[in-house]
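Asks: Sharing a model that was predicted from the sequence below.
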Amino acid sequence: MEPTSNLKVVIVGGSIAGLTLAHCLLRNGIDFVILESRGEVYPQEGAALGMLPNGSRILDQLGIFDDLIEGVQPLRKCWFWSGTGELIAEDDGPVEFEMRHGYCSAFMDRQLVLEKLYSKLGDHRGRVLVNKKTVDIENLPDGVRVHCADGSVYEGGLVVGADGVRSTVRQSMWKSMEEHNLQAEVENEKTTMTSEYNCVFGIATATPGLNPGDVHRTYAEGYSFLAIIGSEGRVWWFLFTKMDRKYSHSEIPRFSQKDMDEHVASYLSMPVTGSVPFSEIYERAIFRNMLALEESLYKHWFHDRKVCIGDSVHKMTPNMGQGANSAIENAAMLANYLAKLTKSSSYESEDIRRCLQDWQTTVQPRIGEIWHSACDLTRIEAKATLKGKIFIYLLPYMQTMLLNKQSAVMVTAAKLDCLPPPARSLRGSIPFKDLKQSEGKTDNGRKGMVLGALLVGFVAVGWNWRRLLYRLYN
Ligand SMILES: Cc1cc2nc3c(=O)[nH]c(=O)nc-3n(C[C@H](O)[C@H](O)[C@H](O)COP(=O)(O)OP(=O)(O)OC[C@H]3O[C@@H](n4cnc5c(N)ncnc54)[C@H](O)[C@@H]3O)c2cc1C
């Protein structure tokens, strides 16, 4: 579709959020250019992405989902292990999830997702410009001028920062806010990002004892493993560890290869399943990396004509697999609101402000809830809180409830307004709802769920309280 509106959006960052936004704008006849700092759009970084129904439905609307899952092993079974390799529970949650929502849960190389997002732009791929590091953004009376490190300049009516956790657009947004006497707000935002967990992750070749379609989660003291097994036994693996303390934004550590090797050494003998120690996976790794996991949920997602989506405003820990899926949702929602704006033949800065405010008001509570749940899960899996310590004993009795909780998040997901819901999204046993019907919230209160879960769990393990207390304090 060729541009039909007179709005041009400059997207900074050509990854999950930026490329998805490009597709969504294209479907709404809104012009765009993507400025990506790297030299290639889909490098292999050894990272993986799990696609969940909220993100998959939008990619299905865009005609990308089928290509994405071709040849990908859908997930079938989850296994939950203790740190000593005892089986806590197993279930066929991913199969049930597909029956409920119409989409299989599937894990794949992140590179594949980026490649499909890019190639599906077809003739519009020329609008994705690489080696374009944005360094500054100027406010114009009716737009923005984006400056790149190579001296090139791009103008538009709006700039969208899809430039990840160290977002240049967010920095520039803060500068604009300070110029409008919002220093206190900016000071607050600047202290928002912290990091308490790190993650060693990678891809390994087939490992004996690990079967395609299986997901293994290990809940241990201060750390957790996640291993997902795809076609031909490819293993996407993660070791999440609680760090010695919570780091604030300016002190968040970066890790070298040596740091990673030293860190991993004490976990090699730890079980990922009852029969597979971590060493078996690690020695088959074809990619490995170590990162501090930043957590930040900002209050301001736009100012003037500068907007941020994805990790640049809602960076969450990856245990729940929602970072990219939420970024996809947010991109679609932003496009929905911009489409409404551009329906009118002329709009002033105040119309743009109102449009962005409406978008933020609708989408922020939902993504905020997902963000908080992701934080909780990381801490539960590493048994870092009392809830986490108890959880392991309650898990066998709570599986349906936990699945219901995940379903509640899925059914209120955003989609693109300009395209019909895909057939696949209509065949699940639990229909999707309109995000606005649920007032931007997921279908259940987080606190209520946690409380309910604890109550049911306490009743369920009442007979076993002595063992529970013994294990909690030993
Ligand atoms: C170990 C790990 C596992 C994960 N697993 C999952 C999962 O299973 N499911 C899931 O949903 N999420 C997962 N996530 C989260 C997911 O990767 C992110 O949420 C997602 O990539 C966010 O996309 P984004 O486009 O907002 O930002 P990014 O992917 O970070 O992309 C930002 C882009 O902007 C570019 N850029 C940065 N600065 C500039 C600049 N100044 N000028 C121009 N370009 C710039 C970068 O080069 C990059 O291409 C995981 C994260 C980690 C760390």
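Replies: Alright, I've got the coordinates.

Asks: quick one: contacts for Tyr337?
Replies: By Cβ atoms under 8 Å, 6 or more residues apart in numbering, the residues touching Tyr337 are 355-356, 358-359, 362. The C-beta positions use only the backbone N, C-alpha and C, and glycine is treated the same way.

Asks: Next, see if the helix or strand where it lies gets close to the ligand.
Replies: If you go by DSSP states H and E, Tyr337 is part of helix 323-343. Yes: using Cβ under 6 Å from any ligand atom, helix 323-343 reaches the ligand at 323-325, 327.

Asks: how would you label Asn6: helix, strand or coil?
Replies: coil (DSSP: H, G, I helix; E, B strand; the rest coil).

Asks: Enumerate the residues of the stretch 301-450 of the chain near the ligand.
Replies: Residues of the stretch 301-450 of the chain found near the ligand (Cβ under 6 Å from any ligand atom) are 310-311, 318, 321-325, 327.

Asks: How about the contacts made by Cys24?
Replies: 58, 62, 331-332, 334-336, 416.

Asks: redo that, cut-off 6 Å
Replies: Shown in contact with Cys24 (Cβ atoms under 6 Å, 6 or more residues apart in numbering): 331-332, 335, 416.

Asks: Spatially central residue for this structure, please.
Replies: Ranked by distance to the mean C-alpha position of the chain (Cα atoms, centre = their mean), the top residue is Gly323 at 0.7 Å.

Asks: how about low-confidence regions in this protein?
Replies: Low-confidence segments of the chain (pLDDT under 70): 435-474.

Asks: For it, which helix extends over the most residues?
Replies: The longest helix of the chain (DSSP state H) is helix 349-381.

Asks: list the helices and strands that helix packs on?
Replies: helix 323-343, helix 386-411 (3 or more Cβ pairs under 6 Å, 6 or more residues apart in numbering; DSSP states H and E).

Asks: Can you say which of those is packed in most?
Replies: Compared across these, helix 323-343 shows the largest average neighbour count, a mean of 24 (mean count of other Cβ atoms under 10 Å).

Asks: what angle do it and helix 386-411 make?
Replies: If you take axes from the mean of the first three to the mean of the last three Cα atoms, to 10 degrees, helix 323-343 sits at 40 degrees to helix 386-411.

Asks: ok, so of the contacts of Tyr337, who is nearest the ligand?
Replies: Taking Cβ to the nearest ligand atom as the measure, the ligand lies nearest Trp359 of those, at 16.1 Å.

Asks: who's in contact with the closest one?
Replies: 334, 337.

Asks: Quick check: it vs Phe302, distance?
Replies: Trp359 sits 8 Å away from Phe302, going by Cβ to Cβ, to the nearest Å.

Asks: before we move on, what about Glu381?
Replies: The value you get for Glu381 to Phe302, if Cβ to Cβ is used, is 33 Å.

Asks: Which of those two has more residues huddled nearby?
Replies: More crowded of Glu381 and Phe302, by other Cβ atoms under 10 Å: Glu381, with 25 against 22.

Asks: wait, isn't the more buried one in contact with Ser224?
Replies: Yes: counting by Cβ atoms under 6 Å, Glu381 does reach Ser224; the two are 3.7 Å apart.

Asks: Show me which residues of the stretch 1-150 of the chain sit near the ligand.
Replies: Close to the ligand, as judged by Cβ under 6 Å from any ligand atom, the stretch 1-150 of the chain has residues 12-18, 35-38, 47, 49-50, 132-134.

Asks: one more time with 8 Å, if that's ok
Replies: For the stretch 1-150 of the chain, the contact set with the ligand under Cβ under 8 Å from any ligand atom comprises 12-20, 35-38, 41, 47-52, 55, 107, 110, 132-135, 148.

Asks: Just the terminal-to-terminal distance for stretch 189-207.
Replies: 44 Å (Cα to Cα, to the nearest Å).

Asks: Kindly report the same for stretch 210-219.
Replies: OK, stretch 210-219 end separation, Cα to Cα: 18 Å.

Asks: And the contacts of it?
Replies: Contacts made with stretch 210-219 from outside it, assessed by Cβ under 6 Å, 6+ apart, are listed as 73, 75-81, 224-229, 235, 272-273, 381, 392.

Asks: gap between that stretch and the chain center?
Replies: Stretch 210-219 sits 20 Å away from the centroid of its parent chain (Cα atoms, centre = their mean, to the nearest Å).

Asks: and the residue of the stretch 351-474 of the chain at minimum distance from the ligand, what is it in contact with?
Replies: Closest residue of the stretch 351-474 of the chain to the ligand, Cβ to the nearest ligand atom: Ala374 (9.4 Å). Neighbour list for Ala374: 316-317, 320, 322 [criterion: Cβ under 6 Å, 6+ apart].

Asks: Also Ser279?
Replies: Taking Cβ under 6 Å, 6+ apart as the criterion, Ser279 is in contact with Leu268.

Asks: Could you do the one 10 residues further on as well?
Replies: Under the criterion of Cβ under 6 Å, 6+ apart, the contact list for Asn289 reads Gly46.

Asks: Helix or strand for Glu90, just tell me which one.
Replies: strand 87-91.

Asks: So for Gly85, what's the nearest residue that isn't a sequence neighbour?
Replies: Pro271 (3.4 Å; Cβ to Cβ, 6 or more residues apart in numbering).

Asks: Trp236 too?
Replies: Ala48 (3.9 Å).

Asks: Look up how far Gly233 lies from that neighbour.
Replies: To Gly233, Ala48 is 14 Å away according to Cβ to Cβ.

Asks: Considering the residues of helix 323-343 next to the ligand, which is situated nearest to Gln399?
Replies: Proximity of the residues of helix 323-343 next to the ligand to Gln399 (Cβ to Cβ) peaks at Asn325, which lies at 21.5 Å.

Asks: if I read this right, that closest one contacts Leu52, doesn't it?
Replies: Yes: counting by Cβ under 6 Å, Leu52 is a contact partner of Asn325 at 4.9 Å.

Asks: now stretch 228-242: how far from the chain's centre is it?
Replies: Offset of stretch 228-242 from its chain centre (Cα atoms, centre = their mean): 17 Å.

Asks: Please work out which residues outside it touch it.
Replies: 48, 73, 107, 197-201, 203-204, 206-207, 210, 212, 214-215, 222-227, 267, 281, 382, 384.

Asks: Can I have the buried ones of those residues as a ChimeraX selection?
Replies: Here is the ChimeraX command that selects the buried residues among the contacts of stretch 228-242 (16 or more other Cβ atoms under 10 Å):
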select :48,73,107,197,198,199,200,201,203,204,207,210,212,214,215,223,224,225,226,227,267,281,382,384
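
Asks: Tell me which of the contacts of stretch 228-242 fall in helices.
Replies: Those of the contacts of stretch 228-242 mapping onto helices are Ile281, per DSSP H.

Asks: Now intersect the contacts of stretch 228-242 with the strands, please.
Replies: Those of those mapping onto strands are 48, 107, 197-201, 203-204, 214-215, 223-227, per DSSP state E.
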